[in-house]
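In: Generate a structure from the sequence data that follows.
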Amino acid sequence: MVKKALWGLALFCSLVLLCFGAFLLYVTLTDYEPEPALPLTVINNASQKLTTGVPFTVTTFNIGYAGLDKDQDFFMDGGTRSRAASKEQTAKNLSKILSFLKREASSFYLLQEVDVDSSRSYHINQQAAMRQHLPDYGLVFAQNYLVSWVPVPVFDPMGSVNGGLVTLSKYQLKQSTRFSLYGKEDWPQQPFDLDRCIMENRIPLENGKELILVNLHLSAFDKGGKVRKQQLAFLKEFMQRHVQAGNYLILGGDWNHLIPGTAPKRFKAKESWPEWMQTIPSDFLPKGFTWVADGSVPTSRTLALPFKQGINFQSNIDGFLISSNVEVKRVYGHSLQFEYSDHNPVTAEFVLK
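Out: Predicted coordinates:
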């Protein structure tokens, strides 16, 4: 009887391993692998043209797929969850985010973690909602997460994921391109991870040059920051190439590094510096480039626990990097208290010299 039970257990375990192996093979074979440079479609492209000497605003905001509100935690940061609390809560968060975007009325928006059809956000098409509620903007989408099923956390898996970066523009975009970033996690983690990229948006100017507006979202949980080092190397080369061409550059988004010139210690917290938090290497910044951030308002919080002021570690990892021919007039963070996302947005006003 004991032998029969052991045989049954062994058979069951073998079947489980076989199924998991087949699933892993399927995910590996169907892994999203876009071209290194992929042209993107601009929907509802604006006719208004940007000119030098005229102020304009850019807001960057990681919306956390409208699922990482103040009451949420996240398994990769020490919590237990990976999905939004409910479809109703996701819809509420998204509605508040859209209201903020409409109220702020920035010239450009650089948005990260925007879902199109994902289990974690209850299959609400957030890109379509942006098109509906912000009809005066041109919209570009760049895929950076497309997986048929993410099986972790085990008891409440993230499930299917389809999301990416969105740029919204009140000005005419000449061309938008998705560029894959250097560096990937090791197998078998990679097929389940984001395919990191930048979105390059080219805005034509009256002087024959272009504003290169970049939307980015760098890696966060790569051990020791090895992938992030490769991504920064790509960006440095990218910036130097455009400077040599005489273009204007603004790079904005979620850097997942502490923005130079900001200090987390100004925000009271019981949690200590998180393991994933990296600093920007001193040799990264090309000559003439300047960091733009509002160090008085945190843009991110840790997700080991739901948000409580004075408990969670807060920092500035969202902001901008500009070339010497771009002048910053002002920069201000928006203290939304992480009500609808684990990030706070930040806005800067610029003028092209």
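
In: okay, CA-based contacts and neighbour counts for the rest of this
Out: OK.

In: residue ranges for the strands of the stretch 51-200 of the chain, please.
Out: Assigned by DSSP state E, counting those that start in this stretch, the strands in the stretch 51-200 of the chain fall at 56-62, 108-115, 138-150, 159-169, 175-180, 197-204.

In: Let me have the ones you listed in TSV, adding mean neighbour count as columns.
Out: Output for the strands of the stretch 51-200 of the chain, formatted as TSV (neighbours: other Cα atoms under 10 Å):
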stretch	mean neighbour count
strand 56-62	24
strand 108-115	25
strand 138-150	22
strand 159-169	23
strand 175-180	20
strand 197-204	24
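
In: I'd like the ones you listed as CSV, with mean pLDDT appended.
Out: Output for those, formatted as CSV (pLDDT from 0 to 100):
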stretch, mean pLDDT
strand 56-62, 99
strand 108-115, 99
strand 138-150, 97
strand 159-169, 98
strand 175-180, 98
strand 197-204, 98
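
In: Could you tell me how far residue 108 is located from residue 339?
Out: Residue 108 sits at a distance of 23 Å from residue 339 (criterion: Cα to Cα, to the nearest Å).

In: Give me the contacts around stretch 214-234.
Out: With contacts defined as Cα atoms under 8 Å, 6 or more residues apart in numbering, stretch 214-234 is touched by 76, 110-112, 165-167, 181-185, 196-201, 249-256, 276-278, 284.

In: right, I mislabeled it, should have said stretch 59-69
Out: With Cα under 8 Å, 6+ apart as the test, stretch 59-69 has contacts from 74, 83-85, 89-91, 93-94, 97, 106, 108-115, 120-121, 126, 252-254, 318-319, 338-348.

In: try 7 Å this time
Out: Counting by Cα atoms under 7 Å, 6 or more residues apart in numbering, stretch 59-69 makes contact with 83-84, 90, 93-94, 106, 108-115, 121, 252-254, 319, 338-348, all of which sit outside it.

In: and what of stretch 121-133?
Out: 65, 67, 83, 84, 87, 90, 114, 115, 116, 117.

In: Would you mind giving those residues as JSON lines with distance to residue 267 added?
Out: Output for those, formatted as JSON lines (distance: Cα to Cα, whole Å):
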{"residue": "65", "distance to residue 267": "25"}
{"residue": "67", "distance to residue 267": "24"}
{"residue": "83", "distance to residue 267": "27"}
{"residue": "84", "distance to residue 267": "26"}
{"residue": "87", "distance to residue 267": "32"}
{"residue": "90", "distance to residue 267": "28"}
{"residue": "114", "distance to residue 267": "28"}
{"residue": "115", "distance to residue 267": "30"}
{"residue": "116", "distance to residue 267": "34"}
{"residue": "117", "distance to residue 267": "35"}
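
In: Show me these that map onto helices.
Out: Secondary structure defined by DSSP state H assigns 87, 90 of those to helices.

In: re earlier: closest to residue 270 out of the strands of the stretch 51-200 of the chain?
Out: strand 56-62 (24.1 Å; Cα to Cα).

In: Mind checking the pLDDT average for the one helix or strand residue 330 maps to?
Out: Residue 330 belongs to strand 326-333 when elements are defined using DSSP states H and E. For strand 326-333, the mean per-residue pLDDT is 98.

In: Can I get the next helix or strand after that strand as PDB, trimmed to CA atoms?
Out: Elements were assigned by DSSP H and E; along the chain past strand 326-333, the next helix or strand is strand 346-352. What follows is strand 346-352, C-alpha atoms only, in PDB (Å, rounded to 0.1, in the frame of the first residue of the first chain):
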ATOM      1  CA  VAL A 346       7.100  65.500 -12.100                       C
ATOM      2  CA  THR A 347       6.800  68.400 -14.600                       C
ATOM      3  CA  ALA A 348       9.400  70.600 -16.100                       C
ATOM      4  CA  GLU A 349       9.100  73.700 -18.300                       C
ATOM      5  CA  PHE A 350      11.700  74.000 -21.000                       C
ATOM      6  CA  VAL A 351      12.800  76.400 -23.700                       C
ATOM      7  CA  LEU A 352      14.900  75.400 -26.700                       C
END
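
In: you'd agree residue 316 is up against residue 261?
Out: No - under the criterion of Cα atoms under 7 Å, residue 316 is not in contact with residue 261, lying 9.5 Å apart.

In: So these two - more neighbours on which side?
Out: Neighbour count, other Cα atoms under 10 Å: between residue 316 and residue 261, residue 316 has more, with 29 against 11.

In: quick one: the more buried one from residue 332, how far?
Out: Separation of residue 316 from residue 332 (Cα to Cα) stands at 12 Å.

In: Pull the distance from stretch 312-323 to the chain's centre.
Out: Using Cα atoms, centre = their mean, to the nearest Å, the distance from the centre of stretch 312-323 to the centre of the chain it belongs to is 12 Å.

In: Ends of it, what's the gap?
Out: Its start and end residues considered, stretch 312-323 measures 34 Å (Cα to Cα).

In: Show me what counts as buried in that stretch.
Out: By neighbour count with 16 or more other Cα atoms under 10 Å, stretch 312-323 contains the buried residues 312, 313, 314, 315, 316, 317, 318, 319, 320, 321, 322, 323.

In: any idea of the mean pLDDT in that stretch?
Out: Mean pLDDT, computed over stretch 312-323, is 98.

In: helix/strand/coil for the nearest residue to residue 270 once chain neighbours are set aside?
Out: Excluding its sequence neighbours, the residue lying closest to residue 270 (Cα to Cα, 6 or more residues apart in numbering) is residue 311, at 4.7 Å. Local secondary structure at residue 311 is given as coil here, using DSSP: H, G, I helix; E, B strand; the rest coil.

In: what sits against residue 314?
Out: Contacts were defined as Cα under 7 Å, 6+ apart; by that measure residue 314 touches 264, 267, 298, 300, 301, 302.
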